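coords please:
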Amino acid sequence: MEVLRPQLITIDGRNYRKNPIQEKTYQHEEDDEDFYQDAMEYADEPCDAYEVEQTPQGFRSTVSAPSLLYKHIVGKRGDTRKKIEMETKTSISIPKPGQEGEIVITGQHRNGVISARTRIDVLLDTFRRKQPFTHFLAFFLNETEVQEGFLKFQEEVLEKCSMDRGVDSSIFQNSKKLHLTIGMLVLLSEQEIQQTCEMLQRCKEEFINDISGGKPLEVEMAGIEYMNDDPGMVDVLYAKVHMKDGSNRLQELVDRVLERFQASGLTVKEWNSVKLHATVMNTLFRKDPNAEGRYNLYTADGKYIFKERESFDGRNILKLFENFYFGSLKLNSIHISQRFTVDSFGNYASCGQIDFS
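Model prediction:
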């Protein structure tokens, strides 16, 4: 990260600079007091962006947040809340653990309430970024032709390349779980799942229907690529997906969906463009068949997990199957799916979707 181009986080339309010097401290569990000081170093000055209600007793503002994050505002022994209250001369009411509701900030001075709201929002955003991804946006690639093509690919790879280091059946994707990921999400309540469904519906109305023409996108799944730089040390191998008519409509559609979700704060901005890929081999599957790419960086309590990735020798696979044809299919719906959850048929379970055909 460059000093002159620090990471920005967006909260309610405002940008906050993140101090790059403190970045490494978030990879370990730290005391609440130290973490609070670090987080406040990149909290901007208060402004009038928040809605603050004037009451007979002073001023009041509310913050909606999932109950899972309340503990990070309270802090150990209530120290974080007390520190915010003392420094901003406010009172902060937080629902009890396990109860949904709003965080309520009250105070005699409007600027103090706004300052407390800013600090709470920065802490909520920071700890949200530490939560493991819970859901993902994706096209399901579950048409018979593609699933059969994938099984043929697996069979032939094992037949011709099983003597190569690290290549065995345990690192192949489950054919029923083939999907094209648009973006990963952290959804911590039913309300946030509903907000995501509503956002996806707005995307459909505002631009998805125009791009798709109200018809399924006819695509082909053909060719393979790898994620890292050394074909002899591959950890993820994926199949490429492209429009049959040679157009860029699929890429345009997923990029605009991702952009909209990033702007809303429902997903963290990691890339400016979606890398269209369908994972077919992943070394994480060897230990966890439900693993999803490279997305397990933090535990729920904010502890950083360092995992040195296994690898396999993919040189022969890439040479023999570079242009392997998995099949064609029609993409006509985007799903919000919960990680690690499957339906009665073994497919990823969908907790919301939009259709555009």
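
Please enumerate the helices of the protein.
Ranges of helices in the chain, per DSSP state H, are 32-40, 70-74, 79-88, 110-128, 144-161, 190-203, 209-212, 249-264, 315-321.

S328: which of the ones you listed is closest?
Closest approach to S328 among those (C-beta to C-beta): helix 144-161, 6.6 Å. For the C-beta atoms, the positions are set from N, CA and C on the backbone; glycine is no exception.

which parts of the closest one are buried?
Of the residues in helix 144-161, V146, Q147, G149, F150, F153, Q154, V157, C161 count as buried by neighbour count, 16 or more other C-beta atoms under 10 Å.

tell me the most buried of the helices of the chain?
Among those, helix 110-128 has the highest mean neighbour count (mean count of other C-beta atoms under 10 Å), at a mean of 22.

any idea of the mean pLDDT for that helix?
Averaged over helix 110-128, pLDDT sits at 92.

Low-confidence ranges, the stretch 151-300 of the chain, go.
Residue ranges of the stretch 151-300 of the chain with pLDDT under 70: 268-272, 289-300.

let's go with 50 and repeat that
Counting by pLDDT under 50, the ranges of the stretch 151-300 of the chain that qualify are 294-298, 300.

Give the residue farthest from the middle of this protein.
For the chain, the residue at maximal distance from the C-alpha centroid (C-alpha atoms, centre = their mean) is P56, at 42.3 Å.

Contact partners for S311?
By C-beta atoms under 8 Å, 6 or more residues apart in numbering, S311 lies in contact with G166, N228, M233, V234, D235, T283.

Just want to check the distance between the nearest residue to it once chain neighbours are set aside and I208.
In this structure, S311 finds its nearest non-sequential neighbour in M233, 4.3 Å apart by C-beta to C-beta, 6 or more residues apart in numbering. Separation of M233 from I208 (C-beta to C-beta, to the nearest Å): 38 Å.

who's more crowded, these two?
I208 (20 against 17; other C-beta atoms under 10 Å).

which non-adjacent residue is nearest the more buried one?
Nearest non-adjacent residue to I208, counting by C-beta to C-beta, 6+ apart: F356, 5.3 Å away.

The one you found against R249, yeah?
No: with contacts counted by C-beta atoms under 8 Å, F356 stays clear of R249, the gap being 11.4 Å.

Next, show the common contact partners of these two.
Counting by C-beta under 8 Å, 6+ apart, the residues touching both F356 and R249 are S212.

on that earlier part again, buried members of the contacts of S311 into ChimeraX, please.
Remark: buried members of the contacts of S311, expressed as a ChimeraX selection using 16+ other C-beta under 10 Å:
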select :166,233,234,235,283
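
mind giving me TSV with the contacts of S311 and columns for distance to E198?
Formatted as TSV, the contacts of S311 follow (distance: C-beta to C-beta, whole Å):
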residue	distance to E198
G166	44
N228	37
M233	43
V234	39
D235	36
T283	37
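
what's the most distant pair in the contacts of S311?
Maximum distance among those (C-beta to C-beta): 13.3 Å, for G166 and N228.

And the closest residue to K160 other than its chain neighbours, how far from D168?
Leaving aside its sequence neighbours, K160 sits nearest to L320 (C-beta to C-beta, 6+ apart; 6.0 Å). As judged by C-beta to C-beta, L320 and D168 stand 17 Å apart.

Likewise for S350?
Separation of S350 from D168 (C-beta to C-beta) stands at 31 Å.

between those two, which one's more packed in?
Higher neighbour count among S350 and D168: S350, with 16 against 12, using other C-beta under 10 Å.

Enumerate every residue touching the more buried one.
F140, H335, I336, S337.

Can you name the residues bridging to it?
S337 (DSSP bridges).

burial count for the residue nearest to G166 when sequence neighbours are not counted?
Distance criterion C-beta to C-beta, 6+ apart; nearest residue to G166, sequence neighbours excluded, is F312 at 2.9 Å. F312 is flanked by 23 other residues according to other C-beta under 10 Å.

Ok, H179 next?
Residues near H179, counting by other C-beta under 10 Å, number 21.

in stretch 343-357, what counts as buried?
In stretch 343-357, the ones that count as buried by 16+ other C-beta under 10 Å are N347, Y348, S350, C351, G352, Q353, I354, F356.

closest to T279 among those?
Scanning those for proximity to T279, where the rule is C-beta to C-beta, the winner is Y348, at 12.5 Å.

Check the gap between the closest one and F136 for me.
9 Å.

So for those two, which residues contact both of them?
When contacts are counted by C-beta under 8 Å, 6+ apart, Y348 and F136 are jointly contacted by S337.

So what pairs up with the residue nearest the centre of the chain in the strands?
The residue lying closest to the centre of the chain (C-alpha atoms, centre = their mean) is M184, at 2.6 Å. Taking DSSP bridges as the rule, M184 bridges to F136.
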